[in-house]
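*Asks:* Below are the sequence and a predicted model; questions follow.
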Amino acid sequence: MKQATRAMKFLNQKRIAFEVIEYEHEEKGAAFASQATGFPLERTIKTLVADLGDKRYALALMPGTKQLNLKRLAQVFGVKKAAMADSASAERLTGYLVGGISPFGTKQRLSVVMDASLINYDKIVINAGQRGSMLKMSPDDIVKALECKVSELG
């Protein structure tokens, strides 16, 4: 196993259970991760970095099967509009490379919202903070670890 990422250390500090699933990272994206891990795409989370304006950023946790609705995201955070952050900003804010962004242990503390469809599953997979590593865990534990909101975002 590769060395523990900041995301894993963050979860260990909070005593939150997870299982590490490693795969050969050949391309970015939830669809590839889902295929490589054998985990259903609707239960494979993509961590998206959104720009809320006025130097405010947030993370949106979305199932691989859905597109983020930026209008809904803006409503959740009470801002006029939201946009996807560029790759350089996403990497600077999180400290992770695009394709390996985890919501846990980010460089800057960011508000997080999870798509409501994910809460119904017993286990989901989410990025571990490096390309080719996913964490299998309970969505309830993700909400608890991140103190995140849960809302319909698709």
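*Replies:* All right, it came through fine.
*Asks:* For the residue nearest to the spatial centre of the chain, which three-state class applies?
*Replies:* Nearest residue to the geometric centre of the chain (C-alpha atoms, centre = their mean): Thr47, 2.8 Å. Following DSSP: H, G, I helix; E, B strand; the rest coil, the label given to Thr47 is strand.
*Asks:* what residues does the lowest-mean-pLDDT helix or strand in the chain touch?
*Replies:* Lowest on mean pLDDT, DSSP states H and E among the helices and strands of the chain sits helix 30-37, with a mean of 90. With C-beta atoms under 8 Å, 6 or more residues apart in numbering as the test, helix 30-37 has contacts from 21, 23-26, 39-41, 44-46, 63-64, 125, 127, 134. (Each C-beta comes from the backbone N, C-alpha and C, glycine too.)
*Asks:* so how far is Lys149 from the residue in the chain sticking out farthest from the centre?
*Replies:* Largest separation from the mean C-alpha position in the chain: Lys80, at 23.0 Å (C-alpha atoms, centre = their mean). Using C-beta to C-beta, to the nearest Å, Lys80 is found at 18 Å from Lys149.
*Asks:* again, but for Asn120
*Replies:* 16 Å.
*Asks:* List the contacts of Val112.
*Replies:* Val112 makes contacts with Ala58, Leu59, Ala60, Leu61, Pro103, Leu146, Glu147, Cys148, Lys149, as judged by C-beta under 8 Å, 6+ apart.
*Asks:* hmm, try it at 7 Å
*Replies:* When contacts are counted by C-beta atoms under 7 Å, 6 or more residues apart in numbering, Val112 is found next to Ala58, Leu59, Leu61, Pro103, Leu146, Cys148.
*Asks:* What ranges does the chain have for its helices?
*Replies:* 6-13, 30-37, 70-77, 87-94, 139-146 (DSSP state H).
*Asks:* could I get the ones you listed as CSV with mean neighbour count and distance to Ser111?
*Replies:* Converted to CSV, the helices of the chain look like this (neighbours: other C-beta atoms under 10 Å; distance: least, C-beta to C-beta, whole Å):
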stretch, mean neighbour count, distance to Ser111
helix 6-13, 18, 16
helix 30-37, 19, 21
helix 70-77, 17, 7
helix 87-94, 17, 12
helix 139-146, 19, 9
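*Asks:* Relative to Asp51, which of those is closest?
*Replies:* When the helices of the chain are compared by C-beta to C-beta, helix 87-94 sits nearest Asp51, at 7.0 Å.
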